[in-house]
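Enquirer: Pasting the sequence and the predicted coordinates here, then a few questions.
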Amino acid sequence: MVPYASIPCSVLVDHVKYRLLQAFLAGQYPPGARIVETRVARELGTSQAPVREALRDLEALGVVETTAFRGARVRRPTAAELLEAFVVRAQLESLAARLAIPRLGDDDLEALDGLIRDMIAAAERGDVHAEALADAGFHGRIVELAANATLLRVWRTLEPYSRTYITMATPGADPRAIADHHVPVLEALRGRDPDVVTDVLRRHFEDAAATITRSLAERRPTPAERPPAPPATTPRPGSSRSRRRPATPAPALRAPSAPAGDPNNERTT
């Protein structure tokens, strides 16, 4: 995280929250990583109070989780949460596209095309986080063009999910295909037919949901996400446990496999 010299006091918590969120989405704090308040405060040049308040806000968004004796950690949304977010995003962005179409100019379409090119370039060089950034920028630009502050504010609460989808799904999916899925959306916007745009966006999110369901079922947990091993106990000398003979190991049993495509066949946080 890049430190900065000062933050206006009136918006201190919002700035800290924004910086933390960007750091999470950029992969500087991977899922399961511990967030040390003193370290963040030192990096940002603030006291711990605004950092603590920002973490509370991020916990309310579902981005951070706090547990006793372990502090705050970055939380990874479950597959179910991501899929639910896609249902809401599909409706929000369809409405945004309808409102944006009368305002669409050639420069806006060119900017959206540039974001798709950024996604493709990032996919080709294997930069997952850069692709996620361009992806969120593409969808965010459509919502911004709707010129509806309430709609934009609601959509932004789902931004962590829109970026997390890319960073979670890419290990099991084709990142170039994810980028290419945005081309039909742009072509529909060029046609300026609200019904066509709505249909294309619906299919876009259906394809995204199918991809994440398939990818997360195949995903393995990272070391940071694995639960800690229970502490080993040492038997007291002379106890019955210490005199117990080693048991003959039982034959290994193969765990039953989960159904293919089950979104719950994953490690979540």
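Expert: Sure, I can see it.
Enquirer: show me what contacts residue 122?
Expert: Residue 122 sits next to 128, 130-131, 133-134, 175, 179 when contact means Cβ atoms under 8 Å, 6 or more residues apart in numbering. Backbone N, C-alpha and C define where each C-beta goes, glycine included.
Enquirer: Contacts for stretch 49-59, please.
Expert: Identification of contacts with stretch 49-59 by Cβ under 8 Å, 6+ apart yields 12-14, 16-17, 20-21, 35, 37, 40-41, 44, 64-66, 72.
Enquirer: hang on, the earlier thing: looking at the contacts of residue 122, which are in helices?
Expert: 128, 130-131, 133-134, 175, 179 (DSSP state H).
Enquirer: Which single one of the residues you listed is nearest to residue 141?
Expert: Of all the ones in helices among the contacts of residue 122, residue 141 sits closest to residue 134, with 10.3 Å by Cβ to Cβ.
Enquirer: Report the mean confidence score over the longest helix along the chain.
Expert: Assignment by DSSP H gives helix 194-218 as the longest helix of the chain. Helix 194-218 shows a mean pLDDT of 85.
Enquirer: count of residues packed around residue 67?
Expert: Residues lying near residue 67 (other Cβ atoms under 10 Å) number 8.
Enquirer: Verify the contact between residue 175 and residue 131 for me.
Expert: Yes - assessed by Cβ atoms under 8 Å, residue 175 is found in contact with residue 131 at 5.8 Å.
Enquirer: Would you map out the domains in the protein?
Expert: Annotated domains of the chain cover 13-74, 79-218 [automatic domain parsing].
Enquirer: Off-centre distance for the last one?
Expert: By that I understand domain 79-218. Centroid separation for domain 79-218 versus its chain: 13 Å, with Cα atoms, centre = their mean, to the nearest Å.
Enquirer: buried subset of the contacts of residue 122?
Expert: 128, 130-131, 133-134, 175, 179 (16 or more other Cβ atoms under 10 Å).
Enquirer: could the residues you listed go into JSON lines alongside distance to residue 202?
Expert: Formatted as JSON lines, the buried ones among the contacts of residue 122 follow (distance: Cβ to Cβ, whole Å):
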{"residue": "128", "distance to residue 202": "26"}
{"residue": "130", "distance to residue 202": "27"}
{"residue": "131", "distance to residue 202": "22"}
{"residue": "133", "distance to residue 202": "24"}
{"residue": "134", "distance to residue 202": "22"}
{"residue": "175", "distance to residue 202": "23"}
{"residue": "179", "distance to residue 202": "19"}
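Enquirer: show me what contacts the nearest residue to residue 184 once chain neighbours are set aside?
Expert: Excluding the flanking residues, the one nearest residue 184 by Cβ to Cβ, 6 or more residues apart in numbering is residue 200, at 5.2 Å. With contact taken as Cβ under 8 Å, 6+ apart, residue 200 is in contact with 184-185, 187-188.
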